[in-house]
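**Q** I'd like to go over a predicted model; first the sequence, then the structure.
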Amino acid sequence: MTISTDLNQRNQLRRAMRHNRRALSPLQQKQAAERLFRLLIRQPFFLRAKRIALYLASDGEIDPQLLIQKAQQMGKTCYLPVLQPLVTNRLWFVRYDKRTPMGKNRFGISEPKIKNFGNRKQNRCTAKQLDLVLLPLVAFDPAGGRMGMGGGFYDRTFAFMRQHIAGKPVLVGLAHECQKVDKLPIASWDIPLHAVASDQALYVA
Ligand SMILES: Nc1nc2c(c(=O)[nH]1)N(C=O)[C@@H](CNc1ccc(C(=O)N[C@@H](CCC(=O)O)C(=O)O)cc1)CN2
Ligand SMILES: Nc1ncnc2c1ncn2[C@@H]1O[C@H](COP(=O)(O)OP(=O)(O)OP(=O)(O)O)[C@@H](O)[C@H]1O
(Lines give C-alpha, C1' and ligand atoms only; values in the text may rest on other atoms or scores of the structure.)
(Ligands and ions follow the chains in the order given, each with its own letter.)
Protein backbone atom coordinates (compact mmCIF):
# COMPACT_ATOMS: atom_id res chain seq x y z
CA MET A 1 0.00 0.00 0.00
CA THR A 2 1.30 3.46 -0.87
CA ILE A 3 1.83 6.15 1.72
CA SER A 4 -0.89 8.32 0.20
CA THR A 5 -3.64 5.66 0.35
CA ASP A 6 -2.59 4.97 3.90
CA LEU A 7 -2.99 8.67 4.71
CA ASN A 8 -6.36 8.75 2.99
CA GLN A 9 -7.53 5.82 5.06
CA ARG A 10 -6.39 7.51 8.26
CA ASN A 11 -8.23 10.68 7.31
CA GLN A 12 -11.39 8.80 6.36
CA LEU A 13 -11.38 6.94 9.65
CA ARG A 14 -10.76 10.21 11.50
CA ARG A 15 -13.71 11.86 9.77
CA ALA A 16 -16.04 8.92 10.42
CA MET A 17 -15.11 8.69 14.09
CA ARG A 18 -15.45 12.43 14.64
CA HIS A 19 -18.90 12.16 13.08
CA ASN A 20 -19.80 9.32 15.51
CA ARG A 21 -18.78 11.43 18.48
CA ARG A 22 -20.72 14.48 17.36
CA ALA A 23 -23.86 12.40 16.67
CA LEU A 24 -24.29 11.53 20.37
CA SER A 25 -27.22 13.36 22.00
CA PRO A 26 -26.77 15.63 25.03
CA LEU A 27 -28.35 12.90 27.20
CA GLN A 28 -25.99 10.23 25.82
CA GLN A 29 -23.06 12.58 26.44
CA LYS A 30 -24.16 13.19 30.03
CA GLN A 31 -24.64 9.48 30.78
CA ALA A 32 -21.32 8.57 29.17
CA ALA A 33 -19.51 11.23 31.21
CA GLU A 34 -21.09 9.92 34.44
CA ARG A 35 -20.16 6.30 33.64
CA LEU A 36 -16.61 7.27 32.79
CA PHE A 37 -16.41 9.23 36.05
CA ARG A 38 -17.58 6.27 38.15
CA LEU A 39 -15.10 3.97 36.42
CA LEU A 40 -12.11 6.28 36.78
CA ILE A 41 -12.48 7.44 40.38
CA ARG A 42 -11.84 3.92 41.65
CA GLN A 43 -8.65 3.32 39.64
CA PRO A 44 -5.39 3.33 41.60
CA PHE A 45 -3.69 5.45 38.91
CA PHE A 46 -6.32 8.17 39.52
CA LEU A 47 -6.29 7.88 43.33
CA ARG A 48 -2.48 8.03 43.46
CA ALA A 49 -1.93 10.89 40.99
CA LYS A 50 -1.22 14.36 42.39
CA ARG A 51 -0.77 16.21 39.10
CA ILE A 52 -3.30 15.34 36.44
CA ALA A 53 -3.62 16.72 32.91
CA LEU A 54 -7.11 16.69 31.44
CA TYR A 55 -8.85 18.64 28.69
CA LEU A 56 -12.03 20.66 28.09
CA ALA A 57 -14.33 18.62 25.86
CA SER A 58 -14.80 19.81 22.29
CA ASP A 59 -16.37 18.35 19.13
CA GLY A 60 -18.26 15.53 20.92
CA GLU A 61 -15.33 14.35 23.07
CA ILE A 62 -16.28 12.55 26.27
CA ASP A 63 -16.42 15.20 28.98
CA PRO A 64 -13.98 14.92 31.92
CA GLN A 65 -15.44 17.92 33.82
CA LEU A 66 -16.74 15.73 36.70
CA LEU A 67 -13.25 14.29 37.06
CA ILE A 68 -11.72 17.78 37.20
CA GLN A 69 -14.05 18.74 40.06
CA LYS A 70 -13.44 15.50 41.93
CA ALA A 71 -9.67 15.71 41.54
CA GLN A 72 -9.70 19.29 42.85
CA GLN A 73 -11.86 18.30 45.84
CA MET A 74 -9.34 15.57 46.59
CA GLY A 75 -6.53 18.15 46.64
CA LYS A 76 -4.99 17.15 43.32
CA THR A 77 -3.75 19.75 40.85
CA CYS A 78 -5.33 19.80 37.40
CA TYR A 79 -3.60 20.98 34.24
CA LEU A 80 -4.93 21.75 30.76
CA PRO A 81 -3.06 21.54 27.46
CA VAL A 82 -2.07 24.88 25.92
CA LEU A 83 -0.69 25.16 22.40
CA GLN A 84 2.87 26.42 22.75
CA PRO A 85 3.10 29.91 21.28
CA LEU A 86 6.73 29.61 20.14
CA VAL A 87 7.72 26.02 19.50
CA THR A 88 5.26 24.64 17.00
CA ASN A 89 2.91 21.74 17.59
CA ARG A 90 3.75 20.94 21.18
CA LEU A 91 1.69 21.33 24.33
CA TRP A 92 2.34 23.03 27.61
CA PHE A 93 0.36 22.03 30.68
CA VAL A 94 -1.00 24.96 32.69
CA ARG A 95 -2.64 24.78 36.08
CA TYR A 96 -6.40 25.07 35.97
CA ASP A 97 -8.99 26.00 38.59
CA LYS A 98 -12.10 28.17 38.79
CA ARG A 99 -10.07 31.38 38.87
CA THR A 100 -7.80 30.64 35.90
CA PRO A 101 -8.16 33.32 33.18
CA MET A 102 -9.12 31.58 29.95
CA GLY A 103 -8.89 32.40 26.25
CA LYS A 104 -9.57 30.53 23.00
CA ASN A 105 -6.82 28.85 21.00
CA ARG A 106 -6.71 28.80 17.21
CA PHE A 107 -9.04 25.78 17.14
CA GLY A 108 -11.66 27.58 19.25
CA ILE A 109 -10.95 25.45 22.34
CA SER A 110 -10.72 27.25 25.70
CA GLU A 111 -7.31 27.14 27.33
CA PRO A 112 -5.61 28.99 30.19
CA LYS A 113 -4.19 32.34 29.09
CA ILE A 114 -0.46 32.77 29.13
CA LYS A 115 0.09 36.49 29.54
CA ASN A 116 3.62 36.76 30.75
CA PHE A 117 6.03 33.91 30.17
CA GLY A 118 8.20 34.83 33.16
CA ASN A 119 5.48 35.25 35.76
CA ARG A 120 3.33 32.41 34.71
CA LYS A 121 6.03 29.76 34.79
CA GLN A 122 5.04 28.58 38.25
CA ASN A 123 1.62 27.63 36.86
CA ARG A 124 3.10 25.50 34.15
CA CYS A 125 4.50 22.05 34.43
CA THR A 126 6.52 19.96 32.04
CA ALA A 127 5.11 16.77 30.60
CA LYS A 128 7.55 14.74 32.75
CA GLN A 129 6.27 16.27 35.98
CA LEU A 130 2.73 15.01 35.42
CA ASP A 131 1.61 11.83 37.19
CA LEU A 132 -1.38 11.13 34.97
CA VAL A 133 -2.45 12.40 31.56
CA LEU A 134 -6.04 11.85 30.46
CA LEU A 135 -5.91 12.36 26.70
CA PRO A 136 -8.68 13.24 24.28
CA LEU A 137 -8.85 11.00 21.23
CA VAL A 138 -10.76 10.41 18.02
CA ALA A 139 -10.30 6.63 17.78
CA PHE A 140 -8.60 3.96 19.89
CA ASP A 141 -7.90 0.25 19.89
CA PRO A 142 -7.78 -2.04 22.94
CA ALA A 143 -3.99 -2.36 22.66
CA GLY A 144 -3.40 1.31 23.45
CA GLY A 145 -3.40 2.65 19.88
CA ARG A 146 -4.60 6.25 19.65
CA MET A 147 -5.68 8.51 16.81
CA GLY A 148 -6.12 12.20 17.70
CA MET A 149 -7.34 15.26 15.83
CA GLY A 150 -4.34 15.10 13.52
CA GLY A 151 -2.09 17.83 14.87
CA GLY A 152 0.42 15.42 16.39
CA PHE A 153 0.45 17.59 19.55
CA TYR A 154 0.32 14.80 22.10
CA ASP A 155 2.69 12.58 20.11
CA ARG A 156 5.33 15.33 19.94
CA THR A 157 4.91 16.38 23.57
CA PHE A 158 5.25 12.81 24.87
CA ALA A 159 7.88 11.61 22.40
CA PHE A 160 10.32 11.34 25.36
CA MET A 161 8.24 8.41 26.69
CA ARG A 162 9.75 6.17 24.02
CA GLN A 163 13.16 6.13 25.75
CA HIS A 164 11.94 6.71 29.25
CA ILE A 165 10.23 3.71 30.82
CA ALA A 166 9.93 5.39 34.25
CA GLY A 167 6.20 4.66 34.47
CA LYS A 168 5.44 8.38 34.67
CA PRO A 169 3.31 9.96 33.49
CA VAL A 170 0.64 7.31 33.05
CA LEU A 171 -1.14 7.97 29.74
CA VAL A 172 -4.82 7.07 29.66
CA GLY A 173 -7.09 7.94 26.72
CA LEU A 174 -10.72 8.90 27.42
CA ALA A 175 -13.34 7.87 24.88
CA HIS A 176 -16.86 6.95 24.04
CA GLU A 177 -17.23 3.23 23.39
CA CYS A 178 -18.26 4.10 19.79
CA GLN A 179 -14.71 5.36 19.16
CA LYS A 180 -13.24 1.85 19.48
CA VAL A 181 -11.84 0.03 16.44
CA ASP A 182 -10.25 -3.44 16.33
CA LYS A 183 -6.82 -2.29 15.30
CA LEU A 184 -5.43 1.13 14.39
CA PRO A 185 -2.50 1.40 11.99
CA ILE A 186 0.54 2.42 14.06
CA ALA A 187 2.69 5.29 12.81
CA SER A 188 6.36 5.47 13.80
CA TRP A 189 5.72 8.60 15.89
CA ASP A 190 2.65 7.27 17.72
CA ILE A 191 3.02 7.07 21.50
CA PRO A 192 1.11 4.06 22.85
CA LEU A 193 -1.29 4.61 25.72
CA HIS A 194 -1.11 2.60 28.96
CA ALA A 195 -4.90 2.28 28.92
CA VAL A 196 -8.09 3.67 27.47
CA ALA A 197 -11.15 4.34 29.62
CA SER A 198 -14.51 4.48 27.92
CA ASP A 199 -18.04 4.82 29.29
CA GLN A 200 -18.18 0.99 29.21
CA ALA A 201 -14.78 -0.41 30.14
CA LEU A 202 -11.15 0.13 31.01
CA TYR A 203 -8.86 -1.30 28.32
CA VAL A 204 -5.42 -1.89 29.79
CA ALA A 205 -2.83 -2.27 27.03
N1 LIG B 1 -10.37 19.13 23.92
C2 LIG B 1 -9.22 19.06 23.29
N3 LIG B 1 -8.25 19.93 23.53
C4 LIG B 1 -7.07 19.83 22.84
C5 LIG B 1 -6.84 18.82 21.89
C6 LIG B 1 -7.89 17.89 21.64
O7 LIG B 1 -7.78 16.96 20.82
N8 LIG B 1 -9.04 18.05 22.36
N9 LIG B 1 -5.63 18.74 21.23
C10 LIG B 1 -5.04 17.57 20.77
O11 LIG B 1 -4.12 17.57 20.05
C12 LIG B 1 -4.91 20.01 21.08
C13 LIG B 1 -5.61 20.81 19.99
N14 LIG B 1 -5.58 20.08 18.77
C15 LIG B 1 -6.50 20.19 17.76
C16 LIG B 1 -6.14 19.79 16.50
C17 LIG B 1 -7.02 19.95 15.44
C18 LIG B 1 -8.28 20.47 15.65
C19 LIG B 1 -9.22 20.70 14.54
O20 LIG B 1 -10.43 20.80 14.75
N21 LIG B 1 -8.77 20.81 13.31
C22 LIG B 1 -9.64 21.13 12.19
C23 LIG B 1 -8.88 21.68 11.01
C24 LIG B 1 -7.76 22.58 11.35
C25 LIG B 1 -8.09 24.04 11.47
O26 LIG B 1 -9.20 24.43 11.88
O27 LIG B 1 -7.20 24.84 11.17
C28 LIG B 1 -10.34 19.91 11.71
O29 LIG B 1 -9.73 18.83 11.75
O30 LIG B 1 -11.50 20.03 11.31
C31 LIG B 1 -8.65 20.84 16.92
C32 LIG B 1 -7.77 20.69 17.98
C33 LIG B 1 -4.86 20.73 22.39
N34 LIG B 1 -6.15 20.80 23.03
N1 LIG C 1 7.43 13.16 17.53
C2 LIG C 1 7.14 13.75 16.36
N3 LIG C 1 8.09 14.39 15.67
C4 LIG C 1 7.81 14.97 14.49
N5 LIG C 1 6.61 14.94 13.90
C6 LIG C 1 5.62 14.31 14.52
C7 LIG C 1 5.83 13.68 15.78
N8 LIG C 1 4.65 13.15 16.17
C9 LIG C 1 3.76 13.43 15.20
N10 LIG C 1 4.32 14.13 14.19
C11 LIG C 1 3.64 14.62 12.97
O12 LIG C 1 2.36 15.09 13.31
C13 LIG C 1 1.40 14.80 12.30
C14 LIG C 1 0.08 14.36 12.89
O15 LIG C 1 0.20 13.10 13.54
P16 LIG C 1 -1.06 12.22 13.91
O17 LIG C 1 -1.98 12.15 12.76
O18 LIG C 1 -0.59 10.95 14.54
O19 LIG C 1 -1.72 13.17 15.05
P20 LIG C 1 -2.72 12.80 16.20
O21 LIG C 1 -2.11 11.89 17.20
O22 LIG C 1 -3.96 12.36 15.55
O23 LIG C 1 -2.96 14.26 16.85
P24 LIG C 1 -2.96 14.83 18.38
O25 LIG C 1 -1.86 14.17 19.15
O26 LIG C 1 -2.73 16.30 18.21
O27 LIG C 1 -4.30 14.57 18.96
C28 LIG C 1 2.01 13.71 11.43
O29 LIG C 1 2.06 14.20 10.12
C30 LIG C 1 3.41 13.49 11.99
O31 LIG C 1 4.35 13.56 10.95
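**A** Now that the structure is in, tell me what you want to look at. No experiment lies behind these values; they were computed from the predicted model shown. Ligands and ions are numbered 1, 2, ... in the order given.

**Q** doesn't Leu7 fall inside a strand?
**A** No. Leu7 is assigned helix when assessed by DSSP: H, G, I helix; E, B strand; the rest coil, not a strand.

**Q** what about it, distance to Asn89?
**A** 17 Å (CB to CB, to the nearest Å). No exception for glycine: its C-beta is placed from N, CA and C like everyone else's.

**Q** list the contacts for Ala127?
**A** Leu91, Phe93, Val133, Thr157, Phe158, Phe160, Pro169 (CB atoms under 8 Å, 6 or more residues apart in numbering).

**Q** just the pLDDT for it.
**A** pLDDT recorded at Ala127 is 93.

**Q** quick one, phi psi at it?
**A** Per-residue torsions, Ala127: phi -60, psi -30 (degrees, to the nearest 10).

**Q** still on that earlier bit, list buried residues within the contacts of Ala127.
**A** Buried by 16 or more other CB atoms under 10 Å: Leu91, Phe93, Val133, Thr157, Phe158, Pro169, out of those.

**Q** for the fourth one, which non-adjacent residue is closest in space?
**A** This points to Thr157. Leaving aside its sequence neighbours, Thr157 sits nearest to Leu91 (CB to CB, 6 or more residues apart in numbering; 4.5 Å).

**Q** verify the stated contact: Asn89 with Gly151.
**A** Yes. Between Asn89 and Gly151 there is a contact under CB atoms under 8 Å: 6.1 Å.

**Q** give me the number of residues near Gln12?
**A** 10 (other CB atoms under 10 Å).

**Q** name the element the residue nearest the centre of the chain belongs to?
**A** Among the residues of the chain, the one closest to the centroid is Leu135, at 1.4 Å (CA atoms, centre = their mean). Element membership for Leu135, per DSSP states H and E: strand 132-136.

**Q** is ligand 2 contacted by that strand?
**A** No. Residues of strand 132-136 are not located near ligand 2 by CB under 6 Å from any ligand atom, the shortest gap being 6.9 Å.

**Q** list the strands paired with that strand, with their directions.
**A** Within its sheet, strand 132-136 is paired with strand 51-53 (parallel), strand 170-175 (parallel), according to DSSP bridges.

**Q** does ligand 2 sit close to the next helix or strand after that strand?
**A** Later in the chain than strand 132-136, the nearest helix or strand by DSSP H and E is strand 139-140. No. Strand 139-140 does not reach ligand 2 (CB under 6 Å from any ligand atom); its nearest approach is 8.9 Å.
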